[in-house]
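**Q** how would this look folded up:
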Amino acid sequence: MSKNNMRPQRWYEGIEQCQQCNEAYVLVTVVGAAGSTPRETGSKMVVTAGDCIDTIGGGHLEFDAIKRARALLAEGKPCTLLHSYPLSSSLGQCCGGAMKVLFDVCNVHQQHIAIFGAGHVAQALVPILAQLPLRISWIDNREAMFPENVPSNVTVIVEDEPESEVPHLDDNSWLIILTHDHQLDYRIVEKALSYASLPFVGLIGSQTKAKRFLTKLQHRGFDAKALSRLHSPIGDTNIPGKRPIEVAVSISAQIIARLHSSAEGTTENTIESTVGNTIESTIKSVVRATAESKSINTNVTNQLPAAANKDESVDTK
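**A** Predicted structure coming up:
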């Protein structure tokens, strides 16, 4: 649990802190008590992956409840479970009574997003995304660019070589690349596409930049399956504008859509691979389509997404 000036002592304080931090937790509640028991019906405690707040009675009963709660957290799914505890020698208790305990797993979906770059767009984007059930790593090599205070579910990482953070990202992390340096952007993209466990690599920039990156990546040996994970230009094409807040809202819209589609078991912007098509033909189709229309909205395996009026004139510095 994130550290605050004062550690929560009561279960409701624990819930408040978990909600503020977007941290998964289990609310453990005594819903039934018969005979001699250490706590009465209605007693509650909060269990997270690394902490416990309040108590349902202590001893082996509480130890087992914490173990069960953390096993449920590890499954990563919201659920409710009722378990009966006879307070006998089998549990190492001698009270002689019995308790029914309800386990309610909450706030478990916490997609991890790594944002590379701390310029104007990122500074507008992070406060929006931090209000969602996300864990955010915010990475840049310029410490002075970060604000003094960041939301509790945001971790600031200052790294001289930001691309070196990519191998340390959790599986299924999503990347948003918004740095001030196109060469750095490319290094991050190339590193990320080397890991099949990173399904979404979003890159800010124009159609021209995306085409240039694709060509270079193809020459480096990346196939269509790997390149299909690159989403560039990043953002919802229905939201125009080049101002940092407009670009941030556009990116947020795409991330929100992806969060909901992931929860429903689908993939936002489903990738359709064309058997036999080479990357060269993909790039040629992008050039033709760009000349015909400036609002292309398909995936990079067929055609790159539209620029949404966000080209390299966007100030991400």
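**Q** Quickly find the element holding Gln183.
**A** helix 182-193 (DSSP states H and E).
**Q** list the helices and strands that helix packs on?
**A** If contacts are counted by 3 or more CB pairs under 8 Å, 6 or more residues apart in numbering; DSSP states H and E, helix 182-193 sits against strand 111-116, strand 174-177, strand 200-203, helix 207-219. To be clear about C-beta, it is placed using only N, CA and C from the backbone, and glycine gets the same treatment.
**Q** what packs against the third one?
**A** So the one you mean is strand 200-203. Packing partners of strand 200-203 (3+ CB pairs under 8 Å, 6+ apart): strand 174-177, helix 182-193, helix 207-219, strand 230-231, helix 244-263.
**Q** Mind listing the strands it pairs with, and their directions?
**A** Sheet pairing here is set by DSSP bridges, and for strand 200-203 it gives strand 174-177 (parallel), strand 230-231 (parallel).
**Q** again with the first one
**A** Strand 111-116 has these partner strands in its sheet, going by DSSP bridges: strand 134-140 (parallel), strand 174-177 (parallel).
**Q** so that strand versus helix 244-263, what angle?
**A** With axes from the mean of the first three to the mean of the last three CA atoms, to 10 degrees as the basis, strand 111-116 and helix 244-263 are set at 150 degrees to each other.
**Q** The longest one too?
**A** When the same axes, to 10 degrees is applied, the directions of helix 207-219 and helix 244-263 differ by 50 degrees.
**Q** quick one: buried residues of whichever helix or strand comes after helix 207-219?
**A** Next helix or strand after helix 207-219 toward the C-terminus (DSSP H and E): helix 224-227. For helix 224-227, the neighbour count (16 or more other CB atoms under 10 Å) marks Ala224, Ala226, Leu227 as buried.
**Q** Which secondary structure elements does helix 224-227 sit against?
**A** Under the contact criterion of 3+ CB pairs under 8 Å, 6+ apart, helix 224-227 touches helix 207-219, helix 279-292.
**Q** can you tell me the average pLDDT over it?
**A** In this model, helix 224-227 has a mean pLDDT of 96.
**Q** can you start the count at 24 instead of 1 from here on
**A** That works, and once the first residue is 24, the last one we named lands at helix 247-250.
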